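# When you get a sec, could you give me coordinates for this:
(one chain, ligands or ions: 1)
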Amino acid sequence: MTIENSTTAGATAASPIDAIVVGAGFSGINMVRLLRDRGFDVLGIEAGDGVGGTWYWNRYPGARTDSEAFYYCYSFDQELLKSWKWSERYPAQPEVRAYLEHAADRFDVRRLFRFGVRVLGSRWDESTSTWAVQLDTSEIVYTRFLVSAMGILSAPNAPEIPGVETFEGRRVFAQQWPDDVDLTGKRVGIIGTGATGIQLTPVAAKLAAELFVLQRTPHYIIPNRNRPMTDEWRSQIHEQYDQIWEKVRSHPFAMPFTSRGLMGADATEESLETIFEEGWANGGLAFLFETFDDLLTNPEVNAVASEFFRKKIREVVHDPETAEKLTPRDYPLGAKRLPGEHSYYEAFNRPNVHVVDIRSTPIVEFTPKGLRLQDGTELELDIVVFATGFDAFSGAVSRVDIRGRSGVSIAEKWADGPATYLGIAVHDFPNFFMIGGPQSPFANNPPLGEAEGEYIARAVEFARDKGLSAIEPDLQREQEWDQLVQSMTEGTVFPQGEAVNSWIVGANIPGKKRVVQVYFGGAADYVNRLNESADTGFPDYVVSEIVRN
Ligand code: NAP
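Numbering: from 1, shown residues only. All right, here's what the predicted structure looks like:
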């Protein structure tokens, strides 16, 4: 970070802005609103040219929500909840982006953002208790508080494949889909079969002349059963919104699902089958929470459910060899985040669609004409799409050169795994907060982000009201939080140790320390902890008084 050679943008160390919020997705828009409404002078910085965050960048064909829109939205604005008419159960990316543009205007925060500007780094200055924030415009902006709303899944994972410079076709990252890419009539390869690849594949299958889906690990996938939202359905939802948000607030993944109160361990073979069929017919993530309460904790029940998913693949995919390749075998249902599908398996019944098992025959290199596999096969391709996921949770923050009180960067501090307090604040990094930081829960993002935003706004307000120059978590609290996070997956099917390659443990990024990055104690429990900390006056933080001469 070359602070010395930069110019300042209005705010100086002597007269800093109150707060900078980085990111204009669901959480960033709301964070700016929350701080502005409390009377703070706030600047939002966003690398994209508009609001939307994930919904600004992820424009690949087929991108849509995997959560139903009626609860994947802001919960606090009654008028917005009533006036915004989602067209589908799982709306497509342009509609979610339009919603966020509308919300940003409605909250009147768009004018508080600078768009098309990236934060490169930030350094804490102990003498002035400010953050010097380095922008890619060569400017430095000084701020008292710095809030990351950069997203949990925003820093792309870009695997290095030798020979890329020789490839004569086009290489595209799904998460940064260029507007001028058209798959029509092309020979397309998609690397990656996570939620992104699963959404892209059926759309690409209809456009491409030939589609090769390069799969390393098959996923368990649930049909989402998308359908239009009718006026009748909307009015039912509107009437029930109080109960819906109440359910969201008490659910471990912040979703309005209702447990049946049944344990698979007590069920007969027949009733297991019947209830799994109902969950399958209903579609979506509810399967995990509205079938059996021990689905994610009892290995025997989970094994029956996993086999149920395998059977469903065989029922849809005509060619047994293809069906077998698409079948997950060596890890339990739920250990990776369950993606929803829209005719994914049906796509493999088309003659132009081929699954390529790159676990047994890995990609060796790019060639001028396409990709060469280990067995010598050369796939001739016009376009290679990387749907290879993200450097999740810690990735976005640690890719920015943020240096705290001691001068150590956050990336250095997290070299052996993230260390945070509540996934929100970091010892040695005063006046710095994260929404969706590592060691926070993985849950329905908009309502969880609201709770985190409220907490941060209360912390900033607390510092102002008490005349504090700096507030940072106590080191012991941070260490205790780490121990709690690491212990939380015991007794569940969630990834433990080497069991599952997933972004949840950072296993998808070469060289990244494999540790659980997510607080699995549940969103409801987590929000209670946030409230307790704020309600009791942030006793878990170390504070510095403003020194007045
Ligand atoms: P992902 O789940 O991490 O999947 C990435 C895929 O790329 C995996 O199949 C992975 O294989 C493969 N891959 C990674 N590195 C590779 C390499 N070097 N060579 C070959 N294959 C490689 O990423 P994602 O699909 O983008 O989804 C990430 C998360 O984003 C999801 O779990 C979800 O939370 C969120 N998301 C949500 C939506 C939605 O709600 N609408 C849509 C997209 C994404 P392995 O499995 O073998 O590692």
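# so what's L214 bridging to?
Taking DSSP bridges as the rule, L214 bridges to I191, V356.
# number of nearby residues for the residue lying closest to I358 once chain neighbours are set aside?
Ranked by CB to CB, 6 or more residues apart in numbering and with sequence neighbours excluded, the top spatial neighbour of I358 is L214, at 4.8 Å. From N, CA and C alone the C-beta is placed, and that goes for glycine too. A count of nearby residues for L214, using other CB atoms under 10 Å, gives 25.
# if I look at L214, how far off is F433?
As for L214, its distance to F433 is 39 Å (criterion: CB to CB, to the nearest Å).
# How much space separates G197 from L120?
Distance from G197 to L120, by CB to CB: 31 Å.
# just E165 next, same as before
Counting by CB to CB, the separation of E165 from L120 is 26 Å.
# Looking at G197 and L120, which one has more neighbours?
G197 (26 against 17).
# pretty sure that one contacts F212?
No - taking contacts as CB atoms under 8 Å, G197 lies outside contact range of F212: 11.6 Å.
# Show me whatever sits in contact with both of these two.
Common contacts of G197 and F212 (CB atoms under 8 Å, 6 or more residues apart in numbering): I190.
# Against the ligand, how distant is the residue nearest to I358?
7 Å (CB to the nearest ligand atom, to the nearest Å).
# Next, the contact list for that residue, please.
Applying CB under 8 Å, 6+ apart to L214 gives the contacts 189-192, 356, 358, 363, 371.
# Mark which of those residues are buried, thanks.
Buried subset of the contacts of L214 (neighbour count, 16 or more other CB atoms under 10 Å): 189-192, 356, 358, 363, 371.
# filter these down to the ones close to the ligand.
Restricting those to those near the ligand by CB under 6 Å from any ligand atom leaves 191-192, 358.
# In the buried ones among the contacts of L214, find the pair that's most separated.
Taking CB to CB, the two most distant members of the buried ones among the contacts of L214 are G192 and L371; they sit 13.2 Å apart.
# Can you name the residue of the stretch 151-300 of the chain nearest the ligand?
G194 (2.2 Å; CB to the nearest ligand atom).
# Quick check, that residue in contact with A387.
Yes - counting by CB under 8 Å, A387 is a contact partner of G194 at 6.7 Å.
# what's the spacing between the residue of the stretch 151-300 of the chain closest to the ligand and T201?
On the measure of CB to CB, G194 and T201 end up 11 Å apart.
# Show me which of those two is the more surrounded one.
T201 (30 against 22).
# now for the helix or strand containing the more buried one, which elements pack on it?
Using DSSP states H and E, T201 sits in helix 195-207. Counting contacts by 3 or more CB pairs under 8 Å, 6 or more residues apart in numbering; DSSP states H and E, helix 195-207 is packed against strand 187-191, strand 210-215, strand 340-341, helix 344-347.
# just to revisit the earlier point, need the contact list for the residue of the stretch 151-300 of the chain closest to the ligand.
By CB under 8 Å, 6+ apart, the residues touching G194 are 219, 336, 339, 387, 389.
# between those, which is nearest G185?
Closest to G185, out of all of the contacts of G194 and judged by CB to CB, is A387, at 20.5 Å.
# Touching, the closest one and T196? I think so.
Yes - A387 is in contact with T196 according to CB under 8 Å; the separation is 4.2 Å.
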